[in-house]
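>>> One predicted model, sequence on top.
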Amino acid sequence: MKSFLRMGAAFLLTLTVLQIGCGDKSTPPATGADPGTGPKSGRKKIAYVTNGVDPFWNTAVAGVRAAEKEFGIDCEVLMPPKGLVDQKRMLESLLARGIDGIAISPVDAKNQVDLLNQAAARCPLITHDSDAPLSKRLCFVGMENYKAGRAAGRLVKEAIPAGGKVMLFVGRLEQLNSQQRRQGVIDELLDRPMQQSDSANFDPTGKVLSGAKYTILDTRTDNFDYARAKANAQDAMASNSDLACMVGLFAYNAPHCLEAAKEAGRLGKIKIVSFDEAAPVLQGIIDGHVYGTISQQPYFYGYHSVRLLHSLTKGDKSVLPPNGFLEVPIVEVRQKNAQTFWADLKKMQDMGK
Amino acid sequence: MKKIFGILGLFLAVFVFTALRNPQFVSAYNLENLIRWISLFGIISIGVSFVIITGGIDLSIGSLIGLTGSLMAWLLTHRGWSVPATLVTVLLLSLSVGLAHGLLITRLRLQPFVVTLCGLLLYRGIARFITDDQSQGFGNSHEGLRAIAIGKIPVGSSFSIPVPFFILLLIAIVSAVVLNRTIWGRYLLALGRNETAARYSGINTDRIKIAAYMLCSLLAGVGGILFSLDLNSVQPSGLGEFYELYAIAAAVLGGCSLRGGEGTILGVIIGTAVMRVLYNAINILSIPTHLEFAIIGAVILAGVVTDELAKRYAANRRAVRERLGETPAPSSS
Amino acid sequence: MVAPLHPVPKLLDVSGVSKRFPGVQALEDVQLTLSRGEVLAVIGENGAGKSTLMKILAGVETPDRGEIRIDGQLVSIADTGTAKKLGIALIHQELNLADNLDVASNIFLGREPHQWGFVDRHRLYSEAHVFLEQVGLNCSPRLLLSELPLGCRQLVEIARALSAQARILIMDEPTSSLSQGETEQLYSVVNDLRNRGVGIVYISHRLREVKQLADRVVVLRDGRNAGMLVQEQIAQDAMVSLMVGRALVRQVRTSQSDGAPLLEVQDLRTTAHPQQGLSFQVRVGEIVGLAGLVGAGRTELLQVLFGIDQAVSGTVRLGGQVLHLQSPGDAIAAGLALVPEDRKLQGVILEMSVGRNATLASLHRDARCGFLNTEQEMTQASMMTQQLRVKTPSIDHLVQYLSGGNQQKVVLAKWLALKPRVLLLDEPTRGIDVGAKQEIYRLMEELASQGIGILFVSSELDEILRMSDRALVMHQGRLAGVLDREQLSEESIMQLATGTPHQMATSVLQELL
């Protein structure tokens, strides 16, 4: 009996602690334009769902916040930490609770069609970053990953004009955007003709692909384990002493390639080409340790998604682009424009705060 | 000592096989990397082996690494704390987490599995909450501090030993001495075998168990610090995920019995080495990464099965010998 | 078509059954018969062979020799399944029921009425009802077993036996955990079953209930038939004298005690029996036996004295000092040591070496700043094992490979290294061969002569008689009596241990004298 009481007391204490925790959490400064007061009644409420937790999305969220202020709308940002399952859960609870519009970056577009259509039946639904062309989404805000891949391939060619061995690194290859990026890089390096983004042929993994000048050794995945990402880069250097270039297809890959190269004392000798705009990468470009990066300008993913949804929640469909694709242009960052790009990026991120 | 022969054999087999297939495997650069990863994972595996020797389990290690790793980077860069204050805070936090585990398990008699499973969720959540789920890093600052993770000390002209190896060495020697040369270690082994008999011998088994959980959490905290210094980029939601399983697997491979009472520090380090060498070999031999789990699972299972069969064979032979020779009469009851 | 000349065969006829366990002859040429509608009580001291005999009938053990006939047919009961098919059901001391299932499911566990692979729930409950009525239990068959009181669960077990068409019911101490009311109900069920022709073998320590229920009594002693009593012969004194047998020739200890009190226990109450306060003393150099039946609360008493369980109230003094016993560590520090009842679980660490076991309790004394003093440890281990004559190839040999007697000596070695003032022993010679027993007796005497006070629990009367300077006898948690050396006899102990009223005890004694 005594132990029961003690257990009960412990349980209550835990609850209290959790309550305090939740209280803190419910008023984070980033929830709305004026923190603390909560959403004003009558304002529309939309959601911006990412495909994971990553610094990349923080820049996108800056765009979301900027648009929130500009258009007077509340946008909830949801980052599923565990990919597909968490994303499904978050989307379902959004629908259950009622929401006026959703922008989502589907983790697995092909297999989420039903879920996305369910959402599209209840509120305006758009996709960003990664498209789901088979679903009833109203439009897609993003870039063509295949084209971005080709652009990265061009950076590789500039970095090692004489040719050489190239290794690709990525978090996961199940995602369409990583497959398309990878194919873009490969096709560019092997001087293949342009393919249609949505009907591209993918080369199988685990096979060395050789062209006239460039050899793509492999694509190593790390399942978002940063220690693995670094170990993969190290192992690539260890097993290929003549490795000429490392390409990180996800935002965090190149920073770990950079760390590995630095520790191996091969900074600048091994060229690194990156995607996205992680701070270490931009610093690396300025220092000459990273050749260049392809920025998708995620700020505009966030900004345009909120802008479109704002109009859609009012029933205004005129903002939709004619073919359902709002292309956010990519930016190629090299040493010469890195300073300006970074300054602009910081400005944008500050605007979102 | 006999118990680690099996795992040592597996280690050598994988090592030699990989070296023959790709000589780059034994290049100085690769060996240095390998040693650093073995050191980092070895530290947390030694920690969990103490808990496993008590017959318990700690599933919260990975999350605690995530918490301590991101907390350290956050305190240093976002809060501008000094290095000593940060290290002391993080290590004290780890110790108190272990203390909490120990108290819940011994005083409230909760199952270690449940307590540490809740810890797994709790610490991951706290890490993400404190850092607002933002990646943490040191940028180009704290190079001096980072040297304890990425630094190396040259020996000879072409080879250097990574600093974490010396940390592992220190921890391993201290742990081995504690386990084999102190009464605390003897009590730990005794209570792992038979907690009731240990208690009936006047040993304060609760206190020793609590100490084991504290040691485990402390070493996870040290691991968290080293991982975050090494990676220079810590994702609160991702750092250390599944590392508890790597640590437990390494400890068990190295001869710790999940029933408790058994284990050697050297064995645990070799167990860790097997895991890391396998991961490394998969990359070095250009085996597709999506096959890695299958390969690691299969190799470890094959190793454990061989080891068990060898042990049984030895036990049978001993039994036959004893039956033939003079033996004390079996107890009757 | 000739009418049989011989009488109707007995329901159960056991003849010449023997069974040997390593080191013990559990049964030797035992005879037993049972007729339809008869209640046969089987009684005897602990270890007399009752349980082994019942296990043989239930198919748990197989006899080395002997014949078992049912209705005149020679049978061989190879396993419990065969026993069930033959209509033999064993109602155990510990119930064999699943308390997460309901009553009906328990009754038909493994024999559920079914159709197309599904349980026929209608038949399950209606048939369960019939059997519940037969045992006089009017509760719903849908009730969860865990909601039933203990006594009713016993009835459910009997209902299960009936549903399995049991004709021979073996009841092993069925009333040991029942209240007065529940016991009465069980008696009436037993009488009812007898009237319906079921043969019942009833094992009990409670002689009063044997007298009340049994048609016939078979007494076992040391694994042999000690005698039989029918109807009017069944009386408590007769049963006791058969159980105990003639006094054995034994060496009697010459008392060494000088009378100074060493361990003084006053009004001590254990959680197992909080309503009974225990008060007694152990003097310097005295060996005190603690007798009683299994479950009388003796082990609980020792565990409180050793700090494993906490007392509800009461004081314990050692050499005049009041002890605060919160843990075994406290007790050890005060100078107490316990050789526990379950040697393999509580006494030794089987997978550790002899040496390490022997030094486990004294390590901290010899350690320097927490570091093991390996040299000292080895010396001490070899010294203690030699002194106690532990038969082991080396001190690095694992304890699990030693015989029971040598394991027990290792436990003693562990404590003697600490030079305790009071030694508590719980069934110190259980499962130990005769030779080792003598050595342990010799050791106890030697220690007592050095001034150590010894309190030992034993269920073997012989041991109590041989070793005790005085004996405490416990019955159902209470100190039923203290017997001095000259009052000590099997009869006096049994009377107190079985709860026979005092005047009866004296009369029995007088009759025997």
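Nice, thanks for sending it over.
>>> Relative to chain C, how far out is residue B:208?
Residue B:208 sits 12 Å away from chain C, going by Cβ to the nearest Cβ, to the nearest Å. Every C-beta, even on glycine, is put in place using the N, C-alpha and C of the backbone.
>>> The closest residue to that residue other than its chain neighbours sits in which helix or strand?
What sits nearest to residue B:208 in space, not counting adjacent residues and going by Cβ to Cβ, 6 or more residues apart in numbering or on different chains, is residue B:187, at 5.2 Å. Assessed by DSSP states H and E, residue B:187 sits inside helix B:183-193.
>>> How many residues are close by residue C:280?
17 (other Cβ atoms under 10 Å in any protein chain shown).
>>> Same check on residue B:12?
Residue B:12, neighbours per other Cβ under 10 Å, totals 13.
>>> just residue A:113 next, same as before
Residue A:113 has 18 nearby residues by other Cβ under 10 Å.
>>> Mind checking what secondary structure residue C:267 has?
Three-state assignment for residue C:267 (DSSP: H, G, I helix; E, B strand; the rest coil): strand.
>>> show me where pLDDT drops low in chain C?
C:1-7, C:22-24, C:46-47, C:93-95, C:176-177, C:179-180, C:245-258, C:433-434, C:500-513 (pLDDT under 70).
>>> ok, 50 please
Within chain C, the stretches with pLDDT under 50 are C:1-2, C:247-250, C:503, C:505, C:507-513.
>>> ok, now the stretch 151-300 of chain B?
Counting by pLDDT under 50, the stretch 151-300 of chain B contains no low-confidence segment.
>>> Show me the domain layout of chain A.
If you go by automatic domain parsing, the domain ranges for chain A are A:41-143+A:298-328+A:345-351, A:145-295.
>>> so of those, which one's packed in deepest?
domain A:145-295 (a mean of 21; mean count of other Cβ atoms under 10 Å in any protein chain shown).
>>> packing partners for the helix holding residue B:187?
helix B:28-53, helix B:163-181, helix B:195-200, helix B:205-231, helix C:363-366 (3 or more Cβ pairs under 8 Å, 6 or more residues apart in numbering or on different chains; DSSP states H and E).
>>> follow-up on the earlier one: okay, now the residue nearest to residue B:208: neighbour count?
By other Cβ under 10 Å, neighbour count at residue B:187 equals 22.
>>> again, but for residue B:285
15.
>>> go on, the one 10 residues further on?
For residue B:295, the neighbour count with other Cβ under 10 Å is 16.
>>> pretty sure residue A:149 contacts residue A:189?
No - if you go by Cβ atoms under 8 Å, residue A:149 and residue A:189 don't touch, sitting 10.0 Å apart.
>>> returning to that earlier point: indicate which one of the helices and strands packed on helix B:183-193 is closest to residue A:304.
Set against residue A:304 and scored by Cβ to Cβ, the helices and strands packed on helix B:183-193 come closest in helix B:205-231, at 33.3 Å.
>>> roughly how far is stretch C:142-155 from the heart of the chain?
Offset of stretch C:142-155 from its chain centre (Cα atoms, centre = their mean, to the nearest Å): 25 Å.
>>> my bad, should have said stretch A:327-338
So, by Cα atoms, centre = their mean, the centroid of stretch A:327-338 is 16 Å from its chain's centroid.
>>> returning to that earlier point: lowest average pLDDT across the domains of chain A?
Here the lowest mean pLDDT among those goes to domain A:41-143+A:298-328+A:345-351, at a mean of 89.
>>> With chain B in mind, check whether it reaches it.
Yes - for domain A:41-143+A:298-328+A:345-351, a contact with chain B is found by Cβ under 8 Å from any Cβ of the partner chain, at A:53, A:54, A:55, A:58, A:79, A:81.
>>> So residue 127: helix, strand or coil?
Going with chain A. Under three-state DSSP, residue A:127 comes out as strand.
>>> Using a markdown table, lay out the residues of domain A:41-143+A:298-328+A:345-351 next to chain B together with distance to chain C.
Shown next, in a markdown table, are those (distance: Cβ to the nearest Cβ, whole Å):
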| residue | distance to chain C |
| --- | --- |
| A:53 | 43 |
| A:54 | 48 |
| A:55 | 48 |
| A:58 | 51 |
| A:79 | 43 |
| A:81 | 38 |
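>>> In contact with residue 182, which residues are there?
Here I'm looking at chain A. Neighbouring residues of residue A:182 by Cβ atoms under 8 Å, 6 or more residues apart in numbering or on different chains: A:149, A:168, A:170, A:173, A:202, A:219, A:249.
>>> other chain: chain B
C:367, C:370, C:371, C:372.
>>> Widest-spaced pair of the residues you listed?
Among these, C:370 and C:372 lie farthest apart (Cβ to Cβ), at 8.5 Å.
>>> The two: which has the busier surroundings?
residue C:372 (19 against 13).
>>> I'd like the helices and strands packed on helix B:183-193 written out as JSON lines, with mean neighbour count added.
Below are the helices and strands packed on helix B:183-193 laid out as JSON lines (neighbours: other Cβ atoms under 10 Å in any protein chain shown):
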{"stretch": "helix B:28-53", "mean neighbour count": "26"}
{"stretch": "helix B:163-181", "mean neighbour count": "17"}
{"stretch": "helix B:195-200", "mean neighbour count": "23"}
{"stretch": "helix B:205-231", "mean neighbour count": "26"}
{"stretch": "helix C:363-366", "mean neighbour count": "18"}
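>>> Quick one: closest of these to residue C:98.
Nearest of the helices and strands packed on helix B:183-193 (Cβ to Cβ): helix B:195-200, 27.2 Å.
>>> Other residues contacting that closest one?
Contacts of helix B:195-200 (Cβ under 8 Å, 6+ apart): B:55, B:187, B:190-191, B:205, C:306, C:308, C:328, C:338, C:340, C:345-349, C:360.
>>> Out of the residues you listed, the closest to residue C:432 would be?
residue C:347 (12.0 Å).
>>> Quick check: chain neighbours aside, which residue is closest to the closest one?
Using Cβ to Cβ, 6+ apart, the nearest residue to residue C:347 is residue C:411, at 4.3 Å.
>>> which residues does the one you found contact?
C:339, C:340, C:343, C:347, C:348, C:357.
>>> and if you look at residue B:264?
B:1, B:3, B:4, B:176, B:179, B:254, B:255.
>>> List buried residues within those residues.
Neighbour counting with 16 or more other Cβ atoms under 10 Å in any protein chain shown marks B:3, B:4, B:176, B:179, B:254, B:255 as buried within the contacts of residue B:264.
>>> tell me the domain ranges of chain C?
If you go by automatic domain parsing, chain C breaks into C:12-244, C:251-335+C:420-486, C:352-417.
>>> Could you tell me how far the shortest one lies from the centre of the chain?
Between the mean C-alpha location of domain C:352-417 and the chain-wide mean there is a distance of 30 Å, by Cα atoms, centre = their mean.
>>> for chain A, what spans make up the strands?
Using DSSP state E, the strands of chain A run over A:45-49, A:74-78, A:101-104, A:125-128, A:140-142, A:164-170, A:209-210, A:214-221, A:243-248, A:271-275, A:292-295, A:325-327, A:331-333.
>>> May I see the ones you listed organised as TSV, with distance to residue A:317 added?
Supplementary listing: the strands of chain A in TSV, determined by distance: least, Cβ to Cβ, whole Å:
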stretch	distance to residue A:317
strand A:45-49	16
strand A:74-78	20
strand A:101-104	12
strand A:125-128	12
strand A:140-142	15
strand A:164-170	36
strand A:209-210	44
strand A:214-221	40
strand A:243-248	39
strand A:271-275	33
strand A:292-295	30
strand A:325-327	13
strand A:331-333	30
